[in-house]
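Trainee: Show me the folded form of this:
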Amino acid sequence: MANPIRPRHTSRASVVATSLFVGLLAAVGVVAFAPHAGGSTVQPRYAPTGTHVVTEQSGASIAGLTNAPTTTIPSSAITELASFNGGAIGDVWTDRAKALLPEDVVWGATVYAAPSSTGQACYVVAGGPSSCVPAFTQAVPIAYAKFDRDGPGGDPVTVAGLAPDDVTAIDVEAGTSTYQAHLSNNAFFFQLPSGDTEAVTGLVVKYGDDTSLRMPLAPLKSESG
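Mentor: Numbers count the residues shown, from 1 in each chain. Here you go, the predicted structure:
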């Protein structure tokens with residue numbers, strides 16, 4: 001059974017996110033959530049392409065979980081992180097939770113994360129979904145969630161998640177445009193400019209050795225009209 005990826009905060013949110021359990025779903029699909037759909041459906045996986053060779057590491061190995069400044073974590077984020085307790089994830093150590101991004105990125109959004117007793121990193125995108133990543137691998141080089149928190153015609157599409165230590169930048173492809181995501185303490189966040197209605201079609205993950213991987217992204221319902 002794959003780790004759950006939860007849409008949050010709005011009845012109109014739609015989410016496409018990687019399922020990051022090391023097993024069947026991590027190899028074959030991404031998980032797509034519709035609002036109040038009561039479950040998930042498996043879509044064809046979009047495999048990363050490029051020249052970088054990923055050195056596998058556990059999700060909880062990211063430096064940001066240790067090095068990010070210590071701040072007060074909202075109780076709502078602590079509750080969401082703690083809800084992952086059990087099964088393959090083990091106990092989420094919420095007393096070690098960190099705010100990995102500054103809270104003024106967009107609409108007060110940030111990424112909160114905490115390690116688990118089995119070496120996973122569980123994270124919450126404020127205003128968006130939450131998930132856990134067991135390991136960064138060639139098939140899953142970053143943990144990401146692509147979501148639209150209020151559906152068509154409102155806030156633009158957002159992509160956020162976690163990246164391992166050797167990632168130096170993440171570019172976001174939208175139609176003919178390319179943007180750079182905000183990356184700090186192993187967390188990244190990007191929301192399309194309000195005037196850009198093009199679909200977010202891929203991420204380019206860049207590394208310190210001048211190699212990269214491209215990850216095509218599945219469309220959201222709000223992007224397909």
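Trainee: Run through this protein and note the low-pLDDT ranges.
Mentor: The model of the chain has pLDDT under 70 over residues 1-45, 104-108, 151-153, 225.
Trainee: please redo it, this time with the cut-off set to 90
Mentor: Across the chain, the ranges flagged by pLDDT under 90 are 1-47, 102-110, 126-128, 148-156, 175, 192-198, 218-225.
Trainee: Select the longest helix from it.
Mentor: Counting by DSSP state H, the longest helix found in the chain is helix 75-82.
Trainee: what's next to that helix, contact-wise?
Mentor: Here helix 75-82 makes contact (C-beta atoms under 8 Å, 6 or more residues apart in numbering) with 6, 8, 92, 94, 97, 112-114, 122-124, 126, 130. (Glycine included, C-beta is placed from N, CA and C.)
Trainee: Go through the residues you listed and say which is closest to Glu173.
Mentor: Tyr123 (22.7 Å; C-beta to C-beta).
Trainee: Can you name the helix or strand that that closest one falls in?
Mentor: Using DSSP states H and E, Tyr123 sits within strand 121-125.
Trainee: helix or strand right after that strand?
Mentor: Counting by DSSP H and E, the element after strand 121-125 in chain order, helix or strand, is strand 130-133.
Trainee: Please name every helix or strand in contact with that following strand.
Mentor: Here strand 130-133 touches strand 121-125, strand 143-148, going by 3 or more C-beta pairs under 8 Å, 6 or more residues apart in numbering; DSSP states H and E.
Trainee: Quickly compare those and say which is most buried.
Mentor: Scoring the helices and strands packed on strand 130-133 by mean neighbour count under mean count of other C-beta atoms under 10 Å gives strand 121-125 as the most buried, with a mean of 29.
Trainee: I'd like to check the angle between it and strand 143-148, please.
Mentor: 20 degrees (axes from the mean of the first three to the mean of the last three C-alpha atoms, to 10 degrees).
Trainee: partners of strand 121-125 in the sheet?
Mentor: strand 111-115 (antiparallel), strand 130-133 (antiparallel) (DSSP bridges).
Trainee: Need the CA coordinates for that strand. PDB is fine.
Mentor: The C-alpha coordinates for strand 121-125 follow below in PDB (Å, rounded to 0.1, in the frame of the first residue of the first chain):
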ATOM      1  CA  ALA A 121      10.800  12.500   5.500                       C
ATOM      2  CA  CYS A 122       7.100  13.600   5.900                       C
ATOM      3  CA  TYR A 123       6.200  17.000   4.700                       C
ATOM      4  CA  VAL A 124       3.200  19.400   4.500                       C
ATOM      5  CA  VAL A 125       2.800  22.100   2.000                       C
END
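Trainee: okay, the helices and strands packed on strand 130-133 in a markdown table with distance to Ser75 next?
Mentor: Output for the helices and strands packed on strand 130-133, formatted as a markdown table (distance: least, C-beta to C-beta, whole Å):
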| stretch | distance to Ser75 |
| --- | --- |
| strand 121-125 | 12 |
| strand 143-148 | 22 |
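Trainee: which ones are touching the closest residue to Glu223 other than its chain neighbours?
Mentor: Excluding the flanking residues, the one nearest Glu223 by C-beta to C-beta, 6 or more residues apart in numbering is Ala199, at 4.1 Å. By C-beta under 8 Å, 6+ apart, the residues touching Ala199 are 157, 174-175, 219, 223-224.
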